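Chemist: sequence and predicted model, in that order:
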Amino acid sequence: MLELIVRYVGDLKRLAEKIGFLAEELLGGYAIVRIRTELAPLLLSAKEILWTEVPSRVYTEVANGRRETCVTSLQARTPGLTGRGVLVAIIDSGIDYTHPDFRNEDGTTRIAALWDQTAINRNEERYSDVPPEGYLDGILYTRERINASLRGERTAEGESLVQEVDLSGHGTHVAGIAAGNGRASGGRYRGVAYESELLVVKLGGTQADPFPQTTNLMAAVDFCIRYAAEAGMPLSINLSFGNNAGAHDGRSLLETYLDAAALYGRTCICIGTGNNATLGWHMGGAISKGEQKEIELLLSVGPSESSIRMGLWLSALDTVSVSIVSPTGARRQLPVTMGNDTIAIKGYPAAEGFVLDFGTSVAEVFVGEGTPYRMLREIGINLRGQEGMVETGTWRILLEPVRVLDGIYDIWIVGGVQSTGTRFLQATPERTLTIPSTAGAAISVAAYDGRTNSITSFSGRGYPRGEGGDSRVKPDLAAPGVDIVSCAPGGGYTTKTGTSMATPFVTGSAALLMQWGIGEGRDSYLYGERLKAFLIRGAKALPGMTEYPNPYIGWGTVCAEDSLRLMEE
């Protein structure tokens, strides 16, 4: 079964009945389609389908925050801001729903609903083992069912009524920062919006491939926004997942879907920028116009790499000759006119590509052209071992200009990396934001070290306005992301580092401001871009940094108290 992200117009249900496929219809004219491979050409030729993209894996962003984000003073106000009346959505690896920090004083749950996309129907007699209406996977656990499980009620077979488990602890940690009430620590490790209601989605995955796909993430966002709208509650969404599969320009179907979804309901979407700045997974630059100088991209391949996927992005205005040279010196060149014969139809991967043989290794190359959504094209390169591992050593990707009008290029390692020695030797730490933190409507959150008031080396970086070919400022803000103590499965606490830990400080801060504005009737429009603007206006500078915005922390570090003061003026 093939899964595709679809942008469509018209009646998708009618088309699904006619061709024979399953679809999850999302907000804003987007959908997730599952179709038999042999039927895909019928879908792609349908007039209702504007464009499609193939989903890719997303990964978690893990590499004394309340005080640094100016939240403590807001919680101490009389009456304090606590997140009451706001939904905080945690879209992640799940949650330990039994943890005291996610329960009220009487032991009942603070979780309004929990959608486990990985769960399998067990035909539980008293409750429906079904996904939310309109979606295809998993089980939706209601508040009633979670409370019954917390009381110790079990199925007829003696199993828990709620089978969801947070195996990595990532989602539990993130939820604790954004909204934990600190009951297990006497309030010491209380989170930001500690009286908010929680809406949790455990992202899908399989036993063979535990990493969820972008389609799982899109469906989760869709569910949360629809749920909040039906409940009539403002919603602050936390996403701490990302990848490098795209142009990082905000124009993939995932990114534009998030922009469209953010316009529904009273919604705020916060996304971590990833931890890729120093991994060596990005290289970018410019091919000089009017010169014939060959550009050499050096890729070091470490041991134990069975495959390495890369995406090379060029302007659709440029024509270049591309060659790949193995560590032993074998050189293979792609035809200059490669884009004409392998153009993707409505985004579906080209049926034919190029396989370049290097003996023990091969390079599988697929080439796209400019699309209706961007004036860029991708050359996808997958290095893999013929029968074992990719040949170790330095591989060279050579770009020779043929006709250059723009010249900007970027290449990212997308996935498949096992060794720390696998990296570009002349890596560029800028433009290392992971997708979808590149979405325009999102609040993109970098990490800084709140203990030393300094930037971190790992946090994904962007460009200030007008530089690097990107007119938007990303990241927007930064929050503490080093050695953050928060909830761990089993009822205790643990310490984690990464932009995953920074993002929920902003998610929780947004919930506090939404309580003040929407919940308490002071500003019914305090969501989306308006809310982002106040968070940015209240941002603080870091010592020694004078230029704002900048690629490290955007407009500064979040300070919810200063943002509120500006709104009260």
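Modeler: Looks like it arrived, so ask away.

Chemist: wait, what's in contact with the residue nearest in space to the middle of the chain?
Modeler: Among the residues of the chain, the one closest to the centroid is Gly242, at 3.4 Å (C-alpha atoms, centre = their mean). Applying C-beta atoms under 8 Å, 6 or more residues apart in numbering, we find Gly242 in contact with Val58, Tyr59, Glu61, Ile271, Gly272, Thr273, Gly274, Thr434, Ile435, Pro436, Ser437. Quick note: C-beta positions are derived from backbone N, CA and C, even for glycine.

Chemist: list just the nearest of those residues to Thr420.
Modeler: Within the contacts of Gly242, distances to Thr420 taken as C-beta to C-beta reach their minimum at Tyr59, with 15.7 Å.

Chemist: what's around the closest one, how many residues?
Modeler: Burial measure for Tyr59: 17 neighbouring residues, criterion other C-beta atoms under 10 Å.

Chemist: quickly note the distance from it to Ala245.
Modeler: Separation of Tyr59 from Ala245 (C-beta to C-beta, to the nearest Å) stands at 11 Å.

Chemist: over to Leu263?
Modeler: Applying C-beta to C-beta, the value for Leu263 to Ala245 is 25 Å.

Chemist: neighbour count: those two, which is higher?
Modeler: Each of Leu263 and Ala245 has its neighbours counted (other C-beta under 10 Å); Ala245 has more, 24 against 13.

Chemist: residues contacting that one?
Modeler: Ser56, Arg57, Thr214, Gly311, Val414, Gly415, Ile435.

Chemist: distance between stretch 17-35 and the chain's centre?
Modeler: The gap between the average C-alpha position of stretch 17-35 and the chain average comes to 22 Å, counting by C-alpha atoms, centre = their mean, to the nearest Å.

Chemist: so for that stretch, what gets flagged as buried?
Modeler: The neighbour-count criterion (16 or more other C-beta atoms under 10 Å) identifies Phe21, Ala23, Glu24, Glu25, Leu26, Leu27, Gly28, Tyr30, Ala31, Ile32, Val33, Ile35 as the buried residues of stretch 17-35.

Chemist: nearest to Tyr194, of the residues you listed?
Modeler: Leu27 (29.5 Å).

Chemist: go ahead and confirm the closest one touches Ala260.
Modeler: Yes. Between Leu27 and Ala260 there is a contact at 6.3 Å, judged by C-beta atoms under 8 Å.

Chemist: how does the protein divide into domains?
Modeler: Segmentation of the chain into domains, based on automatic domain parsing, reads 2-54, 65-78+85-276+436-539+553-568, 282-424.

Chemist: can you select the buried ones among the contacts of Gly242 for me in ChimeraX?
Modeler: Buried subset of the contacts of Gly242, written as a ChimeraX selection, criterion 16+ other C-beta under 10 Å:
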select :58,59,61,271,272,273,274,434,435,436,437
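
Chemist: pick the one among the contacts of Gly242 closest to Gly528.
Modeler: Within the set of the contacts of Gly242, Ile271 lies nearest Gly528; the separation is 14.2 Å, counting by C-beta to C-beta.

Chemist: and the closest one, how far is that from Leu566?
Modeler: When distances are taken as C-beta to C-beta, Ile271 and Leu566 turn out to be 24 Å apart.
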